[in-house]
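# pasted the sequence and its predicted model underneath.
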Number of protein chains: 2
Amino acid sequence: MNFTVELKIMPLKELLDPQGKAVKGGLDNLGLNTVQDVRIGKHILLQIEAANAEEAERIANEAATKLLANPVMEEFSIFIK
Amino acid sequence: MNFTVELKIMPLKELLDPQGKAVKGGLDNLGLNTVQDVRIGKHILLQIEAANAEEAERIANEAATKLLANPVMEEFSIFIK
């Protein structure tokens, strides 16, 4: 079966997010100053061929751990669709 | 009230996603060849001060349209949490 797996990778809450801070400044300049905080991460869609949802999640977890997320700076969450 | 708004920005389906293709190659090299397709976009969390959810969504839509998403190459979706 083919599973669509959604992976959200975000900077850890404890860390500064310089990209988010820059975007916050840009939004302020556009007059959108009711936006109080911005954090920017990655949104990745994987098409995974697997026997069941558990196997698809295991593969997505391995992909995130080995290649896609940097555990020093990022946390990730996996959603099977 | 303070709303957490989630913004997903993905490359349009009709377009090639070179970053996704590169990651697909990396996963193949790691032996994760059951991953058949990878598409990479942005996941942005906004903290928005607004009177209600509709206003928060309107502000997020304006932020995405004016600054965060490139309509030529990307589509976005908004989720109020």
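Right, received. Where do you want to start? Residues are numbered from 1 along each chain as shown, chains lettered A, B, ... in the order given.
# helix or strand right after the longest strand along chain A?
Longest strand of chain A, by residue count under DSSP state E: strand A:35-49. Next in sequence after strand A:35-49, counting helices and strands by DSSP states H and E, comes helix A:53-63.
# packing partners for that following helix?
strand A:2-11, strand A:35-49, strand A:74-80 (3 or more Cβ pairs under 8 Å, 6 or more residues apart in numbering or on different chains; DSSP states H and E). Placement of C-beta: from N, CA and C, glycine included.
# quick one: contacts of the last one?
Strand A:74-80 has contacts (Cβ atoms under 8 Å, 6 or more residues apart in numbering or on different chains) with A:3-12, A:41, A:53, A:56-57, A:60-61, A:64, A:68-69.
# among those, which ones are buried?
For the contacts of strand A:74-80, a burial check counting by 16 or more other Cβ atoms under 10 Å in any protein chain shown picks out A:3, A:5-11, A:41, A:56-57, A:60, A:64, A:68-69.
# in those residues, find the pair that's most separated.
With Cβ to Cβ as the measure, no two of these lie farther apart than A:3 and A:11, at 26.7 Å.
# confidence score at the residue nearest to residue A:42 when sequence neighbours are not counted?
Excluding the flanking residues, the one nearest residue A:42 by Cβ to Cβ, 6 or more residues apart in numbering or on different chains is residue A:9, at 4.3 Å. pLDDT recorded at residue A:9 is 98.
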